[in-house]
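A.B. asks: Got a sequence here, can you build the structure:
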Amino acid sequence: MSGLQREANSGSVMAFLQARMGSTRLPGKVLMSIHGKSILERSIRRLQAAPDIDEVAVLTTVLPEDLCIAEEACRLGTRVYRGPELDVLRRFQEASEKFRPEIVVRATADNPLIDIGSVGRIIRELRSGHLDLCMETRLPHGAATEACTAAALAKAHALARDFRDREHVTLYIKEHPDEFNVAFPQAPESVRQPTLRVTVDTPEDFNFVSRLIGCLAEGTEPVPLEKYILLALNANDRGSAAVYSRKPEMA
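C.D. replies: As a prediction, this is how the structure comes out:
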């Protein structure tokens with residue numbers, strides 16, 4: 001067992017939500033409001049609703065423009081870590097060293113409709129299969145998260161050299177199955193809609209997701225992803241909403 005594993009909080013699971021204001025196609029999107037709540041808040045609340053998550057931390061950059069994200073995250077009651085802008089793997093590793101979870105669930109703050117059920121499934125699969133990383137496939141684009149051990153994150157940080165590996169956090173783990181034990185189970189049939197976009201990357205995405213969220217009444221608990229999928233598919237059949245195609249993987 002590595003030193004990092006021994007020092008980690010035993011059994012703890014933290015969601016690390018990466019967020020920044022910079023965006024080529026939709027600048028400032030993470031703080032854009034959808035029916036009274038920012039996309040950042042919606043992402044946080046869905047992660048907090050996952051029963052297997054112990055705590056959520058927002059990971060943003062040290063750039064002055066991202067101070068507003070740190071302030072909003074603090075207002076919403078989450079921990080915050082500010083690190084490098086482009087070396088996101090280093091940002092995650094430094095946050096892992098600071099907060100010391102055993103398992104990290106990586107999510108991105110442009111996804112206000114994260115599949116809460118998937119979060120629990122990948123954590124349980126990671127543990128039961130003694131995996132380094134687990135991520136469900138064929139979910140709607142923007143609904144997925146990925147779980148990895150803090151030890152695997154530390155190993156990737158030590159070994160990854162290419163810029164793309166540093167930028168995309170878990171890419172090195174995924175592309176080196178000889179060094180890591182990884183699994184990519186298919187999502188359950190009820191949420192298996194890989195051509196449906198529920199991420200917010202463009203103005204069109206924002207309008208579509210806003211319409212989806214606005215159609216379903218929200219209570220104290222977030223609406224399950226299955227209900228949004230049914231709504232989107234029914235609306236598309238009527239020609240009143242668009243379903244956007246894109247490669248089904250996490251942004």
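
A.B. asks: In space, what's closest to the most centrally placed residue in the chain - neighbours in sequence excluded?
C.D. replies: In the chain, the residue lying closest to the centroid (C-alpha atoms, centre = their mean) is residue 107, at 1.4 Å. Closest residue in space to residue 107, ignoring its immediate chain neighbours: residue 145 at 4.5 Å, by C-beta to C-beta, 6 or more residues apart in numbering. In this view, the C-beta of every residue, glycine as well, is placed from N, C-alpha and C.

A.B. asks: What of residue 95?
C.D. replies: Using C-beta to C-beta, 6+ apart, the closest residue to residue 95 is residue 81 (4.0 Å).

A.B. asks: From one end of stretch 158-170 to the other, what's the distance?
C.D. replies: 12 Å (C-alpha to C-alpha, to the nearest Å).

A.B. asks: Helix, strand, or coil at residue 21?
C.D. replies: Three-state assignment for residue 21 (DSSP: H, G, I helix; E, B strand; the rest coil): coil.

A.B. asks: Which pLDDT value belongs to the residue nearest to the centre of the chain?
C.D. replies: pLDDT for residue 107: 98.

A.B. asks: Kindly state the beta-bridge partners for it.
C.D. replies: Beta-bridge pairing of residue 107 under DSSP bridges involves residue 17.

A.B. asks: could you list every residue that touches it?
C.D. replies: 15-18, 43, 47, 114, 145 (C-beta atoms under 8 Å, 6 or more residues apart in numbering).

A.B. asks: Now do the phi/psi pair for the residue nearest to residue 107.
C.D. replies: The phi/psi pair for residue 145 (degrees, to the nearest 10) reads phi -130, psi 180.

A.B. asks: what are the ranges of the strands in the chain?
C.D. replies: Counting by DSSP state E, the chain has strands at residues 13-18, 33-34, 37-38, 55-61, 79-83, 103-108, 133-134, 146-149, 182-183.

A.B. asks: Can you tell me what sits against the longest one?
C.D. replies: In other words, strand 55-61. Contacting residues not belonging to strand 55-61 are listed as 12, 14-20, 40, 44, 47-48, 66, 69-70, 73, 78-85, 91-92, 95, 99, 101, 109 [C-beta under 8 Å, 6+ apart].

A.B. asks: wouldn't residue 155 be in contact with residue 179 here?
C.D. replies: Yes. Contact criterion C-beta atoms under 8 Å: residue 155 and residue 179 qualify, at 7.5 Å.

A.B. asks: Who has more neighbours out of these two?
C.D. replies: More neighbours surround residue 155 than the other of residue 155 and residue 179, with 20 against 14 (other C-beta atoms under 10 Å).

A.B. asks: Relative to residue 113, how far out is residue 168?
C.D. replies: Per C-beta to C-beta, to the nearest Å, residue 168 is found 21 Å from residue 113.

A.B. asks: who has more neighbours, these two?
C.D. replies: When residue 168 is set against residue 113 and neighbours are counted by other C-beta under 10 Å, the residue ahead is residue 113, at 25 against 17.

A.B. asks: Phi first, then psi, for the nearest residue to the more buried one once chain neighbours are set aside.
C.D. replies: Nearest non-adjacent residue to residue 113, counting by C-beta to C-beta, 6+ apart: residue 198, 4.2 Å away. For residue 198, the backbone dihedrals (degrees, to the nearest 10) come out as phi -120, psi 20.

A.B. asks: sorry, back to before: any of the contacts of strand 55-61 buried? List them.
C.D. replies: Neighbour-count burial (16 or more other C-beta atoms under 10 Å) applied to those gives 12, 14-20, 40, 44, 47-48, 66, 69-70, 73, 78-83, 85, 91-92, 95, 99, 101, 109.
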